[in-house]
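Chemist: Sequence plus the predicted model coming up.
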Amino acid sequence: MGSHGATHASSLAVGDEVEVDVTTIAHGGHCIARHEGQVLFVRHALPGERVLARVTETGAGERFVRADAVAVLSASPDRVTPPCPWSGPGRCGGCDLQHVSLPRQRQLKADVVREQFSRLARLDVDVTVEPVPGDDGGLDWRTRVEFAVGDDGRAGLRRHRSHEVVAVDHCRIAAPGIDRLRVTSRSWPGADAVDAVAPSVGEPVAVTVPGDEVPLVRERVVVGASGEREFTLSARGFWQVHPGAAQTFVDAVLEAAAPRAGERALDLYAGVGLFASALAQAVGPTGQVIAIESDAVACGHARDNLADHAQVAVLAARVDDAFGVARPSRRGSSSQRGSRPRKPSRSTLVPASADVVVLDPPRTGAGKGVCAEIAAMAPRAVVYVACDPAALARDTAYLADLGYRLDMLRAFDAFPMTHHVECVARFTRTG
């Protein structure tokens, strides 16, 4: 074992290479191995393999190190040749699982979901990761790609956990519309990044960051009985990146929530109004939908997208602020030591009760305070769309303590070749 980096409190240093047996998949796109009692998070490996792992990152006092599998000594039968030549140790960090057959990728993601629920929610869940229509064997699906721009003005993709730009020819998981923009073969002087967007309506666009005014794009989704609806949003605004994801999640949310005519529904972290539109159609003109979104630009688009639904109110606010939940205090804040963060006042537009609550929070999840406010509204159903299974599992535990049990869980492969997985969960009142 050769040492090529500074020695830390860890027994391994950056550049060391060790033979290890890989055991299980972990949340984050790597697998677990051990060397002399120390945990290694190894990328480009598979459970059951024996690999030569090269340490890429470590630090004083850490109980684990990060490593890449630079040689496979005993291969898993699920290992395949990555379809992208830029995938692998030291190359593009965008994909975690290109070396894994697509069916096995989905099994591994299901394993991660189960492990997170077992560890964080103390629940044994039975889940299968379902494919999402609209990609070709896990490739050609990503309709939004942020390319980094190097000092030479050329665009590429970043190495894993690095600011270094890899000059790829094109991205194999990008949608064909992204490839037509030829971002990586053009020069982008003065730009830090280029956002490439291939919407479902109209031509693809490339937006430089920083840059001039951001154009609008349109997305088309079948929503309820009314058929196709178009949603307008900023090209840099949030929309699902898989071409089939928005449709899949609308259908899954409607099936899980089963909103009824005349009911009141909340759409939290509402974006440009995708779920609010579906809920509005279901509850009808005698019902009510309150959509809450923190991004002012997205709120403006939501109001336009929902203008034909008089029963919808769009509230521009952080969800925790709207509910009157104190934000977590941050270390180093200007508040006096020992003082409590000031609790915001609950918005008068947030009702005391609701029949259905739909939430699609950011990767950090909703949190204990927001979960408590949701439970206090006593909805008959809470439908949670989650891009991070760990956050969902934590919030599942909070909701369980508040009298809401998980009674439905679906998982979707909306990000093939990466470790990401999207979940839709339903919670109903116990007793």
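Modeler: Cool, got the structure.
Chemist: residue boundaries of the strands in the stretch 201-350 of the chain?
Modeler: Applying DSSP state E, counting those that start in this stretch to the stretch 201-350 of the chain gives strands spanning 205-209, 216-222, 228-234, 264-268, 288-293, 312-316.
Chemist: which one of the ones you listed lies closest to D413?
Modeler: Taking Cβ to Cβ, strand 216-222 is the member of those nearest to D413, at 19.0 Å. Placement of C-beta: from N, CA and C, glycine included.
Chemist: which residues of this protein score low on pLDDT?
Modeler: Scanning the chain for pLDDT under 70 picks out the ranges 1-10, 60-62, 329-342.
Chemist: what about the helices in it?
Modeler: Ranges of helices in the chain, per DSSP state H, are 102-120, 176-180, 245-257, 274-283, 296-305, 319-323, 368-376, 389-401.
Chemist: Tell me how many other residues surround P133.
Modeler: 11 (other Cβ atoms under 10 Å).
Chemist: contacting residues for it?
Modeler: For P133, the contacting residues are G244, Q247, T248, by Cβ atoms under 8 Å, 6 or more residues apart in numbering.
Chemist: Can you add neighbour count and distance to V217 and give the residues you listed back as TSV?
Modeler: Putting the contacts of P133 into TSV (neighbours: other Cβ atoms under 10 Å; distance: Cβ to Cβ, whole Å) gives the following:
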residue	neighbour count	distance to V217
G244	16	17
Q247	21	17
T248	22	20
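Chemist: so which of the residues you listed comes closest to M417?
Modeler: The closest of these, once distances to M417 are taken by Cβ to Cβ, is G244, at 15.3 Å.
Chemist: Next up, phi/psi of the closest residue to the closest one other than its chain neighbours, please.
Modeler: Take G244 and drop its neighbours on the chain: the residue closest to it by Cβ to Cβ, 6 or more residues apart in numbering is G134, 3.3 Å away. Main-chain dihedrals, G134, degrees, to the nearest 10: phi 120, psi 10.
Chemist: got the contact list for G134?
Modeler: W141, H242, P243, G244, A245.
Chemist: Turn these into TSV, columns for distance to A278.
Modeler: Shown next, in TSV, are these (distance: Cβ to Cβ, whole Å):
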residue	distance to A278
W141	23
H242	18
P243	18
G244	16
A245	14
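Chemist: Now, of the residues you listed, which are buried?
Modeler: W141, H242, P243, G244, A245 (16 or more other Cβ atoms under 10 Å).
Chemist: roughly how far apart are the nearest residue to Q288 once chain neighbours are set aside and V145?
Modeler: Closest residue in space to Q288, ignoring its immediate chain neighbours: R264 at 4.5 Å, by Cβ to Cβ, 6+ apart. R264 sits 39 Å away from V145, going by Cβ to Cβ, to the nearest Å.
Chemist: More neighbours: these two, which one.
Modeler: It is V145, of R264 and V145, that has more neighbours when counted by other Cβ under 10 Å, with 24 against 20.
Chemist: Which strand residues bridge that one?
Modeler: V145 forms beta bridges with A196, as assigned by DSSP bridges.
Chemist: With the one 10 residues further on instead?
Modeler: Beta-bridge pairing of A155, defined through DSSP bridges, involves V149.
Chemist: how close does it sit to V183?
Modeler: Counting by Cβ to Cβ - A155 and V183 are separated by 5 Å.
Chemist: what is in contact with these two at once?
Modeler: Shared contacts of A155 and V183 (Cβ under 8 Å, 6+ apart): F147, V194.
Chemist: Looking at those two, which has the bigger crowd around it?
Modeler: Comparing A155 with V183 by other Cβ under 10 Å, the one with more neighbours is A155, at 27 against 24.
Chemist: Just to check, the more buried one is in contact with V166?
Modeler: No. If you go by Cβ atoms under 8 Å, A155 and V166 don't touch, sitting 10.5 Å apart.
Chemist: So what's the residue count around the nearest residue to A193 once chain neighbours are set aside?
Modeler: In space, and not counting its chain neighbours, A193 is closest to V209: 4.3 Å by Cβ to Cβ, 6+ apart. By other Cβ under 10 Å, the residues close to V209 number 16.
Chemist: which residues does the nearest residue to A366 once chain neighbours are set aside contact?
Modeler: What sits nearest to A366 in space, not counting adjacent residues and going by Cβ to Cβ, 6+ apart, is D395, at 5.2 Å. By Cβ under 8 Å, 6+ apart, the contact list for D395 reads G365, A366, G367, C371, Y384.
Chemist: where does the residue nearest the centre of the chain sit relative to R54, distance-wise?
Modeler: Computing the C-alpha centroid of the chain and ranking residues by Cα atoms, centre = their mean puts C387 first, at 3.5 Å. Between C387 and R54 the distance is 30 Å, computed by Cβ to Cβ.
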